[in-house]
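# What follows is a predicted structure for the sequence shown.
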Amino acid sequence: MRDTFNLRSRFQARFGPRTPAPRAFFAPGRVNLIGEHTDYNDGFVLPVALELGTTVIAAPRDDRRVRVHTVDLDASAEIDLDQPGPGNTGRWIDYIAGVAHMVDTTIQPIRGADLLVAGDVPRGAGLSSSAALEVATGFALLSLAGATIDRVALALAGQAAEHTFVGMRCGIMDQLVSACARVGSALLVDCRSLAAEAVPLPGGPVAILITDTRKKHALATSEYNTRRAECERGVALLRSALPDIRALRDVTEEAFTKHASLLPEPILRRVRHVVTENARTQFAADALRRGDIEAVGASFVASHRSLQHDYEVSCPELDALVDLAIAQPGVRGARMTGGGFGGSTVSLVDESALDAVMAAVRDAYQRRFRVEPGFLITRGGAGARELDT
Ligand code: GLA
């Protein structure tokens, strides 16, 4: 767990002593088990919150200024809530200015604050360090304003901040799981209704192993926004035959096969990925509930191939990590996780095989890419919360 004692003394060193003492808030990063690039198509996702995340130490101010210091970057900035600015500076403060403005204008008016921010989710690893930052900051600012936290509204404010202040047209998955996760569980989210159901993880003999390519997902924002536009184009083209569809979520596998000739390349493959991924995600959630890890693992591999060949958001490093993992005894399935173009993979691994799998994958990956992959194991963390003093 985070060393809030240490962070509190850093807060005091930077902003001076406070009475009452500053409060501490936390929101986790996430790893998505399956349901990739489905959230912005109103589809299904099955993410798990990490034990790692962002901690915010926060004290209220009497004005409408938010002063922030980030420990990770050793940098400070200040925001005026009445003049939040256009954002899109490409700097870390965009996330904070964005979420402050969004909670202030869409949930409830907030007051100024002094914030010390520290995160332990590796950045650029596809594990949603930015959602953790947004949700932890929004949770802190709303709590200082005396609000009862509406977790779904908080997630939506974080997403809106990304759209408006960061320029990333992300779906709702990352912020929603960061706000709403339950310990030891994945969250099956219907991204249309935003209904979320906790699906217990197998725990015990099967571990969730995250492997970081250590390749930062650099192209991610522009390619991500392109994929979104391609999906919207797919919906528009399919409407000539299926006038009632609102999003690719409404297209069944049968309807897709019947009307595939309406779609040019690469829209055809983009749509095929989303349609099949939605089916795989619901299937995998059922299999997880039944404890059928074989079936979950097979869905992981099918999902990866679809992201690799149809959605084209993978990269040689991700493909290598998946291929290396699934060749090891004790690995039930592996796939890229998150937006793609770098970042991490997620594998289901028999606990007894973990050490051997990590050693084999590390050696082979390092030989090929000359960089050591990062490893992380999660049992499923809890969603955003205030930490005890
Ligand atoms: C990023 C976005 C999410 C989701 C994934 C892909 O993490 O923030 O909303 O679209 O990519 O599944």
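Okay, I see it. Fair warning: this is a prediction, and the values are worked out from it, not measured in the lab. Numbers count the residues shown, from 1 in each chain.
# how about whichever residue of the stretch 1-150 of the chain sits closest to the ligand, secondary structure?
With Cβ to the nearest ligand atom as the measure, Glu36 is the residue of the stretch 1-150 of the chain nearest to the ligand, at 4.1 Å. All C-beta atoms are positioned from the backbone trio N, CA, C, and that covers glycine. Put simply, Glu36 is coil when judged by DSSP: H, G, I helix; E, B strand; the rest coil.
# That one reaches Gln308, doesn't it?
No - the pair Glu36 / Gln308 is not scored as a contact, 11.1 Å apart, by Cβ atoms under 8 Å.
# Which of the two has more residues huddled nearby?
Remark: of Glu36 and Gln308, Glu36 carries more neighbours, 28 against 19, as counted by other Cβ atoms under 10 Å.
# Pull the contacting residues for that one.
45, 277, 303, 307, 311, 313, 335-338, 340 (Cβ atoms under 8 Å, 6 or more residues apart in numbering).
# Can you name the residues bridging to Met336?
Thr345 (DSSP bridges).
# where do the strands sit along the protein?
Taking DSSP state E as the criterion, the chain carries its strands at 23-32, 44-45, 47-60, 65-70, 75-80, 113-119, 185-190, 196-200, 206-212, 331-337, 344-350, 374-378, 385-387.
# Ramachandran coordinates for Thr89?
When read as degrees, to the nearest 10, the backbone of Thr89 gives phi -90, psi -10.
# Look at it and report its pLDDT.
Note for Thr89: predicted pLDDT of 88.
# how many neighbours does it have?
13.
# what about the closest residue in space to Asp150 that isn't next to it in sequence, neighbour count?
Residue nearest to Asp150 in three dimensions, not counting chain neighbours: Ile107, with 7.0 Å by Cβ to Cβ, 6 or more residues apart in numbering. Using other Cβ under 10 Å, the number of residues around Ile107 comes to 19.
# what sits against Ile107?
142, 147, 150, 153-154, 157.
# now it: how far from Arg91?
With distances taken as Cβ to Cβ, to the nearest Å, Ile107 is found 24 Å from Arg91.
# before we move on, back to that, any chance of the backbone angles for the residue of the stretch 1-150 of the chain closest to the ligand?
phi -100, psi 130.
# pLDDT wise, what is it at?
Looking at Glu36, its pLDDT reads 98.
# ok, Val331 touching Asp323?
No - between Val331 and Asp323 there is no contact under Cβ under 8 Å: 10.8 Å.
# Pick out whichever of those two has more residues nearby.
Set Val331 next to Asp323 and count neighbours by other Cβ under 10 Å: Val331 wins out with 24 against 14.
# Could you export the strands of the chain as a markdown table, including distance to the ligand?
Output for these, formatted as a markdown table (distance: least, Cβ to the nearest ligand atom, whole Å):
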| stretch | distance to the ligand |
| --- | --- |
| strand 23-32 | 6 |
| strand 44-45 | 7 |
| strand 47-60 | 9 |
| strand 65-70 | 21 |
| strand 75-80 | 23 |
| strand 113-119 | 16 |
| strand 185-190 | 11 |
| strand 196-200 | 14 |
| strand 206-212 | 14 |
| strand 331-337 | 8 |
| strand 344-350 | 11 |
| strand 374-378 | 16 |
| strand 385-387 | 22 |
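# Can you give me every residue that contacts Thr213?
315, 317-318, 321, 342-345, 369, 373.
# cool, and Glu78?
Under the criterion of Cβ under 8 Å, 6+ apart, the neighbours of Glu78 are 65-68.
# partners of it in the sheet?
Bridge pairing for Glu78 - DSSP bridges - gives Arg67.
# which bits of the protein sit near the ligand?
32, 36-37, 39-40, 170-171, 173-174, 338-339 (Cβ under 6 Å from any ligand atom).
# Excluding chain neighbours, what is closest to Ala24?
Leu387 (4.1 Å).
# ok, how many other residues are close to Pro316?
Pro316 - counted by other Cβ under 10 Å - has 11 other residues nearby.
# again with the one 5 residues further on
When neighbours are counted by other Cβ under 10 Å, Leu321 registers 26.
# Could you report the pLDDT at the spatially closest residue to it that is not a sequence neighbour?
Using Cβ to Cβ, 6+ apart and skipping the chain neighbours, the partner closest in space to Leu321 is Thr345 (4.5 Å). Per-residue pLDDT puts Thr345 at 98.
# one step back: tell me who's in contact with the residue nearest to Ala24.
Contacts of Leu387 (Cβ under 8 Å, 6+ apart): 2, 4, 24-26, 55.
# Looking at pLDDT only, which of the residues you listed scores worst?
Arg2 (68).
# Specify the residue ranges that define each domain of this protein.
The chain breaks down by automatic domain parsing into domains covering 4-199, 202-378.
# Highest mean neighbour count out of those?
Ranked by mean neighbour count, these are led by domain 4-199 with a mean of 21 (mean count of other Cβ atoms under 10 Å).
# what's the span of that domain from first residue to last?
30 Å (Cα to Cα, to the nearest Å).
# ok, the spatially closest residue to Gly383 that is not a sequence neighbour - contacts?
Excluding the flanking residues, the one nearest Gly383 by Cβ to Cβ, 6+ apart is Ala181, at 4.0 Å. Contact analysis of Ala181 by Cβ under 8 Å, 6+ apart lists 28, 30, 47-49, 187, 380-383.
# Kind regards, and thank you for your time.
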